[in-house]
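Visitor: Sequence and predicted structure, then a few things I'm wondering about:
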Amino acid sequence: MKMKLRKPVLFLLLVTVFAPIVLYTDTLGTYFTSPSSSRTEFIEDLSTFTFGGDVRPLNVLPQESSTSLKEPRGDVYSENSSQTISNASDTLGSEDARKTRQLTEESLKHQTATGSSNDGVEVAMNGNHISQVTDNLHEPQQTDKTSPKLVSAGKDESIAMETNSKKKTSSTDPNQTLDSTKTETRHDQHTVQTSGKVVSGETARGKDEERNAQIVPPDARVRQLKDQLIRAKVYLSLSATRSNPHFIRELRLRIKESLRALGEATKDSDLSRSANEKLKAMEQTLAKGKQIQDDCATIVKKLRAMLHSAEEQLRVHKKQTLYLTHLTAKTLPKGLHCLPLRLSTEYFKLNSSQQHFPHQENLENPKLYHYALFSDNILAAAVVVNSTVSHAKDPSKHVFHIVTDRLNFAAMRMWFLANQPKYATVDVQSVEEFTWLNSSYSPVLKQLNSQSMIDYYFRSRADSDPNVKFRNPKYLSIMNHLRFYLPEIFPKLDKVLFLDDDIVVQKDLGGLWSLDLKGKVIGVVETCGESFHRFDRYLNFSNPLISENFDPRACGWAFGMNIIDLNEWRRQNITEVYHSWQNRNHERQLWKLGTLPPGLITFWKRTYALDRSWHVLGLGYNPNVSQKDIQRAAVIHYNGNLKPWLEISIPKFRDYWSKFVDYDQTFLRECNINKLGGS
C-alpha cells in the first residue's frame, strides 16, 4: 500500500521541481534562438516598460492604467522615453540599440510634423503645433497647386493608410516598421506643407473677403430703403394681401415710416438715427407679406408693370427738363431785362454831341483789325469786347463793329459810351439802318416774314412737338442771318473776324489777319471729332439735291470765331450762292433750323482749316471739356443752352466769362446783376 502511494508522490515532486527548470530553460532558448521576435515584443511592450514593478507611462501620453490599453503602442514620443530605450539598448546589443534609437528619432520627427499621435490622441505637452506648422510655411517649399479639396481628401486617405499600416506593423519585422515609418513621415510632412499652403491661401482669401465686406457703398441703406418701398407697393397691389386688412394697415404704416426716414437723403450719412429701426421693421413686415403671397409670377408681372411705368415717367421728365432748359435759355432774366431799359433812359438824356463814339475814322481803315459782332445782349457783347482788348498787344489797331436791333440800339450805344474800351474803336449800328436788306433782295428775309414760316415755328410745330427750340425768336430774326451779308455791311474792308456774343477771348487775335487762307473764303475750326458734327447731322441726305452735291461724312465746323476774306467772298460771289440755296429750301426740305446748315452748304470746299487751339467749343453744354484745352485756347465758346450769364450755366466754366464783367458798375448794381456762384 505504501509502495502504491510513494510512486505518485515522487512523480508530483519531480513535476514540481523540474517543470519550472524546463520551462525557464525553454524561454531562454527561445530568446536566444529568436531575437527578432523578442525585439518585436520589446518594442510592443515598451510603452508599459516596468522598473521595480511600477508602471511608468510615457510623458506625452494621457495618464491611464496599463489595463486600459487595448493595444500596445509602437511609437516613442518623448525624450525621457528615448533615454529609456537607450538604457535598454545596452542589454539588447549595439545593432538592435541603433535601430531602436533610429526608430525613436523618426517617430519623434513624425510627431512634431503631424502634431498628433498615430492613434488620434492629442499631444498635451509637445508645444503649440499650429505655430510649428506656420513656421514651416516660411521656409522654401515645393510649389503645390493641389486644390484644398484634393489636399483634404489626400490627408484623410493618408490618415486611414497610416492607421492600417500601424496595426500591421505591430506583428511584422522591425526593419519593415522602420521603412514604413520613414515613408509615412515624409508623406505626412508633405501633407502638412501642402495643407499649410492651403491654410495660408484660405487665410489670404478670408482677409480679402473681410476687406471687401468692409467697403460698403455710401448709399447702401438708402438703396435698401427704396427697394423695400418698391416691394411694399407691390404687396399693396396684390389680391392675396389686400384681403388681409391687418397686414395692409401695418404695411401702410411701415411705408409712411420709411418715407419719413428716407426724406431727401441721397447717402447713408443723411439718414436719421431711427432709419435702421425702420428698415428692420419694414423687413419683418415684408417677410409677413411673403408668407401671405407667394405667387412669384404675379409679383413679377407687377414689378414689370412698375418698371414700365417708371421708364415712362422718366421719359416724360426728361422731355420736360429739356423743354424747361430751352425755355430758361431763351427767357431774358430780370436783371438783363432791366439793364437795357435803364441804359436807354440814360442815352436819351444825352445831347446829340454826347451820343457819338470817338475814332470814327478807323471804321473803314482796311489796315486795322476789324471785328463783326451781331447781338442784342448788352452784357455778352461787353465781355467779348473787354476780353479781346485786354489780351490785345496793340488795342489801338482793333475796331469793333456791333450791330443790334432797334429795341436795344440806344442801350447798346449807352453802355459803350459809358464803358469805352481803352484805345480801341467801337461802333454800334442798328440792323434797320441797312435799307438795302429787304425781302426783294434777301430770300431768307422774305421767308421769315411769310405766314407759312410763322405757322411752322409757332403753330403747327407747337402742336406736334412742344420742344421750345421750334419757337425760338432767333429763327425769325434777320440778326441771325447777317453773317451772310458781311461784304455788303463792310464794303470797304478786306478782312473781318466774325465773333459770336457767347465767346471769351483769351489771347491776342492779331495773328489771324496775317494768315494766308490759300484762296479760301473763310477760316474755320473743324468739329468732326464726333458724329453729330458731320454733314449728315444737319442736312437732309434723302433729298437728291443734297446727296448728289455733298458728302454725308464730311467734317462740320462752327460759326463763332471765323476769319473771312471779303475780297475772295466778292470774287466767288458767295452771297449769290447763299441766296440760291435759300430759294431751293423754301419748303424746308433741305434743312430745318439755324444758320449752320446753310453755312455748310454755302462754304462747301471754300473753308480753310485753322488750328484747333484757336477755337474751343462746348462750354455751354459739355461739362467734360478739357481744362488743358481751355487754357491753351485763343477763344472759348459757350455754344449751347447753358450760357454763362444764366443760373443754369456750368459752374466751373463761369469764371472764365464773369472776370470780364465789372459788377461794381453803376447800371449793373441798379439792376441787381450780381456774379453767379463759380466753381
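Guide: In hand now; what should we look at?
Visitor: domain ranges for this structure?
Guide: For the chain, the TED database gives the domain ranges 219-294, 334-671.
Visitor: For these, state which one has the densest average packing.
Guide: Of all these, domain 334-671 carries the top mean neighbour count, a mean of 17, counting by mean count of other CB atoms under 10 Å. Just so you know, the C-beta spots here come from the backbone N, C-alpha and C atoms, and that holds for glycine as well.
Visitor: picking that back up, in a markdown table: the domains of the chain, plus mean pLDDT.
Guide: Formatted as a markdown table, the domains of the chain follow (pLDDT from 0 to 100):
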| stretch | mean pLDDT |
| --- | --- |
| domain 219-294 | 86 |
| domain 334-671 | 89 |
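Visitor: and of those domains, who's closest to Leu327?
Guide: domain 334-671 (5.1 Å; CB to CB).
Visitor: What is the end-to-end distance of that closest one?
Guide: Separation of the first and last residues of domain 334-671 by CA to CA, to the nearest Å is 8 Å.
Visitor: so how far is Gln284 from the residue nearest to Asn244 when sequence neighbours are not counted?
Guide: Nearest residue to Asn244, sequence neighbours excluded (CB to CB, 6 or more residues apart in numbering): Ile292, at 5.9 Å. Applying CB to CB, to the nearest Å, the value for Ile292 to Gln284 is 13 Å.
Visitor: what's the answer for Thr388, then?
Guide: Counting by CB to CB, the gap from Thr388 to Gln284 is 69 Å.
Visitor: which stretches of the stretch 201-350 of the chain form helices?
Guide: For the stretch 201-350 of the chain, helices defined by DSSP state H, counting those that start in this stretch occupy the ranges 220-237, 239-242, 245-262, 275-292, 296-330, 334-347.
Visitor: His637 is in contact with Phe653, correct?
Guide: No. The pair Phe653 / His637 is not scored as a contact, 10.8 Å apart, by CB atoms under 8 Å.
Visitor: which residues do those two both contact?
Guide: Residues touching both Phe653 and His637 (CB atoms under 8 Å, 6 or more residues apart in numbering) are Leu619.
Visitor: Could you verify that Val504 is part of a strand?
Guide: Yes. Counting by DSSP: H, G, I helix; E, B strand; the rest coil, Val504 is found in a strand.
Visitor: Rebuild the domains of the chain as a markdown table, extending it with distance to Leu13.
Guide: Converted to a markdown table, the domains of the chain look like this (distance: least, CB to CB, whole Å):
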| stretch | distance to Leu13 |
| --- | --- |
| domain 219-294 | 96 |
| domain 334-671 | 122 |
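Visitor: of all these, which lies closest to Pro8?
Guide: domain 219-294 (96.2 Å).
Visitor: ok, Leu642 - contacts?
Guide: 329, 620-621, 648-650.
Visitor: would it count as being in a strand?
Guide: No. Applying three-state DSSP, one finds Leu642 to be coil, outside a strand.
Visitor: which stretches of the stretch 501-650 of the chain form strands?
Guide: Counting by DSSP state E, counting those that start in this stretch, residue ranges of the strands within the stretch 501-650 of the chain are 503-505, 522-524, 561-565, 607-609, 615-616, 635-637.
Visitor: so can I have TSV of those strands showing distance to Lys233?
Guide: As requested, the strands of the stretch 501-650 of the chain are exported to TSV (distance: least, CB to CB, whole Å):
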stretch	distance to Lys233
strand 503-505	50
strand 522-524	55
strand 561-565	54
strand 607-609	58
strand 615-616	48
strand 635-637	47
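Visitor: Looking at these, spot the one closest to Val661.
Guide: Closest among the strands of the stretch 501-650 of the chain, using CB to CB: strand 503-505, at 10.7 Å.
Visitor: Could you list the paired strands of that closest one along with their orientation?
Guide: Sheet pairing of strand 503-505 (DSSP bridges) gives strand 635-637 (antiparallel).
Visitor: Can you give the contact residues for the strand it pairs with?
Guide: 499-500, 502-507, 509, 558, 560-561, 614-620, 630, 656.
Visitor: Kindly format the C-alpha coordinates of the helix or strand just after it as CSV.
Guide: Next helix or strand after strand 635-637 toward the C-terminus (DSSP states H and E): helix 651-658. C-alpha atoms of helix 651-658 as CSV (Å, rounded to 0.1, in the frame of the first residue of the first chain):
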residue,chain,number,x,y,z
PRO,A,651,-20.5,126.4,-62.6
LYS,A,652,-16.8,125.5,-63.3
PHE,A,653,-16.9,127.5,-66.6
ARG,A,654,-18.5,130.7,-65.2
ASP,A,655,-15.4,132.4,-64.0
TYR,A,656,-13.8,132.5,-67.5
TRP,A,657,-16.7,134.8,-68.5
SER,A,658,-17.5,136.7,-65.3
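Visitor: Quick one: name whatever helix or strand follows helix 651-658.
Guide: helix 666-670.
Visitor: Just name whatever secondary elements that following helix is in contact with.
Guide: Applying 3 or more CB pairs under 8 Å, 6 or more residues apart in numbering; DSSP states H and E, we find helix 666-670 packed against helix 334-347.
Visitor: contact partners of the helix it packs on?
Guide: 355, 377-379, 407-408, 410-415, 417-418, 645, 667-668, 670-673.
Visitor: Next: stretch 300-315.
Guide: 230, 233-234, 237-238.
Visitor: contacting residues for Thr575?
Guide: 484-485, 487-488, 569.
Visitor: any idea how far it is from Ile636?
Guide: 30 Å.
Visitor: ok, Tyr608 touching Ile522?
Guide: Yes. Counting by CB under 8 Å, Tyr608 does reach Ile522; the two are 7.0 Å apart.
Visitor: coming back round to it: mind listing what the residue nearest to Asn244 touches?
Guide: Counting by CB under 8 Å, 6+ apart, Ile292 has contacts 240-241, 244, 247.
Visitor: at 10 Å what do you get?
Guide: By CB atoms under 10 Å, 6 or more residues apart in numbering, Ile292 lies in contact with 235, 238, 240-244, 247.
Visitor: cool, Thr328 as well?
Guide: Taking CB under 10 Å, 6+ apart as the test, what Thr328 contacts is 468, 641-643, 646-648.
Visitor: repeat for Asp508
Guide: 369, 388, 390-395, 398, 634.
Visitor: So which of those residues sit within helices?
Guide: Taking DSSP state H, the ones among these that sit in helices are 388, 390-391.
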